[in-house]
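# Structure for this input, please:
(one chain, ligands or ions: 1)
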Amino acid sequence: MTWKDSFALGIPQIDKQHKELCDQIDKLYEAGSKGKGAGEVMNILNFLESYTIRHFADEEKLQQEIRYPKYAQHKAKHDEFVRKIAQMKKEATENGVNIALVIKLNQMVSEWLIGHIKAADSDYAKYYKG
Ligand SMILES: [Fe+2]
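Numbering: from 1, shown residues only. A predicted model of the protein is given here:
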């Protein structure tokens, strides 16, 4: 998934992490489409999962620091996404990694991330910047 300047929130640490997430999603897609093997896809998927968890923790910490009023709603969205990733990992482990799964995964995470940045993240960024 290609990073676009329109995704920038104006919070350097968070923008950097969002860029890294975009890169990882790209890597995952590449590994899947080039048939690099299930091992490689699972490695990237595992990294994506742990990176996402760290990234969400950073955002949540920031929101608590600024006493963001919609913190609970925002955190619920993060938790839901972490569950989705775990579900995809389970599917990949049980049914094996194939191109259909990688396409579905890529689409799910890209759409979620873009939608989330543009709506929920933009909202707290506005609050952050006052
Ligand atoms: Fe977020």
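# For residue 20, see how far away residue 106 is.
Residue 106 sits 16 Å away from residue 20, going by Cβ to Cβ, to the nearest Å. Quick note: C-beta positions are derived from backbone N, CA and C, even for glycine.
# These two: which is more packed in?
Counting neighbours by other Cβ atoms under 10 Å for residue 106 and for residue 20 shows that residue 106 has the greater number, 18 against 15.
# where's the more buried one, which helix or strand?
helix 99-116 (DSSP states H and E).
# centre of the chain versus whichever helix or strand comes after that helix, how much separation?
Per DSSP H and E, helix 99-116 leads on to helix 122-129 as the next helix or strand towards the C-terminus. Remark: helix 122-129 is offset 19 Å from the chain centroid, using Cα atoms, centre = their mean, to the nearest Å.
# Which elements pack onto helix 122-129?
helix 38-65 (3 or more Cβ pairs under 8 Å, 6 or more residues apart in numbering; DSSP states H and E).
# What mean pLDDT does the helix it packs on get?
Averaged across helix 38-65, pLDDT comes to 94.
# What residues sit buried inside it?
38, 40-41, 44-45, 48-49, 52, 55-56, 59-60, 62-63 (16 or more other Cβ atoms under 10 Å).
# Just the angle for that helix relative to helix 122-129, thanks.
Using axes from the mean of the first three to the mean of the last three Cα atoms, to 10 degrees, the direction of helix 38-65 lies 40 degrees away from that of helix 122-129.
# Would you mind getting the angle between helix 38-65 and helix 99-116?
In terms of direction (the same axes, to 10 degrees), helix 38-65 departs from helix 99-116 by 10 degrees.
# For helix 38-65, which helices and strands make contact with it?
helix 12-33, helix 71-95, helix 99-116, helix 122-129.
# okay, those in JSON lines with mean pLDDT and distance to residue 4 next?
Formatted as JSON lines, the helices and strands packed on helix 38-65 follow (pLDDT from 0 to 100; distance: least, Cβ to Cβ, whole Å):
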{"stretch": "helix 12-33", "mean pLDDT": "92", "distance to residue 4": "9"}
{"stretch": "helix 71-95", "mean pLDDT": "94", "distance to residue 4": "20"}
{"stretch": "helix 99-116", "mean pLDDT": "91", "distance to residue 4": "9"}
{"stretch": "helix 122-129", "mean pLDDT": "97", "distance to residue 4": "13"}
